[in-house]
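Engineer: need the 3D shape of this:
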Amino acid sequence: MLGGVDGWGAVYTGLAAGVIGVAIGLLVVALLLRWSTVRLLSTTAPEVSPAPAARAERTAPVPPTSQVLDDSLLAGVERRAAAALLLDLQARGVIVLREAARGRAPAVEIAVPAALAPAEAQMVRAYLDAEPVAGLHQPGRSRDARRGRLAEALDEAAWAASRRGVISAPWRWPSLLVVTLALLGVLVAAFLIVLVVPNPASTALAIAALLAFAAVVAAVPARLGRPHPTTDTRRRELRTLRASTAASASAAVPSAGPAPVATAGSAPSARDLVALALFAPRATLAGVALPGVPALTLHDLMRAADAGSPRFRLAYTVIDGISFLNRATS
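Structural biologist: Below is the predicted model of the structure:
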C-alpha cells in the first residue's frame, strides 16, 4: 500500500481533497441540470385559450389519445409510460391484452392497427419486437432487450413531444458527460481508499468523495427537457390526479376530479387503470386484475412493460462505451 512513507501522506491527502472538490463540483452541476428540467407551477398562471378540441382533450382526467406519453413526461413517470399506453389503447378498443404465456410478457392482440398514432405504434413495436399489424402477438422472452427497446422508444417520444412544444429539447449528452466524469471519479476514489489506507485523513476524504460521486449519479436527470408554459393547466390536472389516485389506491379506485370515477369496492374502469398505471404505488397493483384477463394483474403488466431505471441506463451506456474504447485500443 502507498501512503505509509513520511511526506507522502500530505500529498495523498491533498489529492483526496482535490478529488472531493471535483465531486462536489459535479454534484452542483448535476443539481443545476436537474433544476433546468423543472418549471414550477405559478399560482396565478394565465390561462391559455386553446382550440375547443384541445380544451376538451386537456381537461379529460385521462387523455383519449397518445397524450398519455406526454403526460408521463410531464409527470416524471416515463418508466410507467408503456404500461399506461397499452391500457389506454385497450380502453380505446385499439388492442386487447391477453394472458401471458409461461415465462413471457402479456400478449397483445391488435384489433385496429390503423388507429395507432406514430408514437403509439413505435411504443407497441418496442414492446412486441414486431410490427404492429392486426393479429395476436407474443413478446419475446428477453426482458433486458425489451427494456432497451422501450427506453429508445421513450427517447423518441420525448423528442416528438419537444417538436410539439410540450417540453424543451431532451438532450442526453450533458447527463452522459456528468455520469462519465462521476464514474471516473469513483475509480480514483476507490484507488485512494485501497492504496492509501495507512493515511486516515486521505482515506476519509476519499470515502466522502466516493459518496459524493454516487450522489451525482443519483441526482443527474436522465435527460433534459423542461415543460413548456402552455402545459401548466395539464400539469395541474396531473398533480390532482396523482394525489387522488394515491389516496384511493388501496381500494384501486382513483378519483380524477370532483366526481369519483368509481365507487368504493367496485372494479376499476379502463380509464381508472390508466391512472393507476401512471400514479398508484407499485405495492398496491398486485391485487388489481385486468378486465377480461383475471389471471393478469396490473403489476404483471407494469413489470413486463417497465423500461428500466433511466439513471442505470445512463451509467450502463457510459460503462459500455468505456469498454468498447478499451477493446478497440487493445
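Engineer: isn't Val108 up against Ile95?
Structural biologist: Yes. If you go by CB atoms under 8 Å, Val108 and Ile95 touch, sitting 5.3 Å apart. Using the backbone N, CA and C atoms, a C-beta is placed for each residue, glycine as well.
Engineer: which neighbours do those two share?
Structural biologist: 86, 124 (CB atoms under 8 Å, 6 or more residues apart in numbering).
Engineer: quick one: contacts for Arg79?
Structural biologist: 306-310.
Engineer: what separates it from Gly185, distance-wise?
Structural biologist: Going from Arg79 to Gly185 by CB to CB, to the nearest Å gives 27 Å.
Engineer: for Ala145, same thing?
Structural biologist: From Ala145 to Gly185 the distance is 31 Å (CB to CB).
Engineer: where does this structure have low pLDDT?
Structural biologist: Scanning the chain for pLDDT under 70 picks out 1-9, 39-66, 195-199, 249-268, 324-326, 330.
Engineer: for it, longest helix please?
Structural biologist: helix 8-36 (DSSP state H).
Engineer: just checking, what packs against that helix?
Structural biologist: For helix 8-36, the elements it packs on are helix 173-195, helix 200-219, judged by 3 or more CB pairs under 8 Å, 6 or more residues apart in numbering; DSSP states H and E.
Engineer: which of those helices sits closest to Ala16?
Structural biologist: helix 200-219 (3.6 Å; CB to CB).
Engineer: counting contacts, what elements does the closest one pack onto?
Structural biologist: helix 8-36, helix 173-195, helix 310-329.
Engineer: one more time with 6 Å, if that's ok
Structural biologist: helix 8-36, helix 173-195 (3 or more CB pairs under 6 Å, 6 or more residues apart in numbering; DSSP states H and E).
Engineer: how about the contacts made by the closest residue to Val188 other than its chain neighbours?
Structural biologist: The shortest distance from Val188 to any non-neighbouring residue, by CB to CB, 6 or more residues apart in numbering, is to Val19 (5.5 Å). By CB atoms under 6 Å, 6 or more residues apart in numbering, the contact list for Val19 reads 188-189, 209.
Engineer: circling back: neighbour count winner among Ala145 and Gly185?
Structural biologist: Relative neighbour count places Gly185 above the other of Ala145 and Gly185, with 21 against 13, counting by other CB atoms under 10 Å.
Engineer: surely Leu192 is in contact with Ala16?
Structural biologist: Yes. With contact defined as CB atoms under 6 Å, Leu192 counts as touching Ala16 (5.3 Å).
Engineer: anything in contact with each of the two?
Structural biologist: Counting by CB under 6 Å, 6+ apart, the residues touching both Leu192 and Ala16 are Ala206.
Engineer: what's the helix or strand for the closest residue to Arg313 other than its chain neighbours?
Structural biologist: What sits nearest to Arg313 in space, not counting adjacent residues and going by CB to CB, 6+ apart, is Ala151, at 5.7 Å. In the assignment (DSSP states H and E), Ala151 maps to helix 143-163.
Engineer: what packs against that helix?
Structural biologist: Checked by 3+ CB pairs under 6 Å, 6+ apart, helix 143-163 has helix 67-74, helix 118-128 packed alongside it.
Engineer: buried residues, that helix. List them.
Structural biologist: For helix 143-163, burial by neighbour count (16 or more other CB atoms under 10 Å) applies to 146-151, 153-162.
Engineer: what is the nearest of those residues to Arg239?
Structural biologist: Ala161 (18.3 Å).
Engineer: contact partners for Val112?
Structural biologist: Here Val112 is in contact with Val94 (CB under 6 Å, 6+ apart).
Engineer: where's it relative to Leu86, distance?
Structural biologist: Computed with CB to CB, the distance linking Val112 and Leu86 is 14 Å.
Engineer: fine, thanks again, bye for now.
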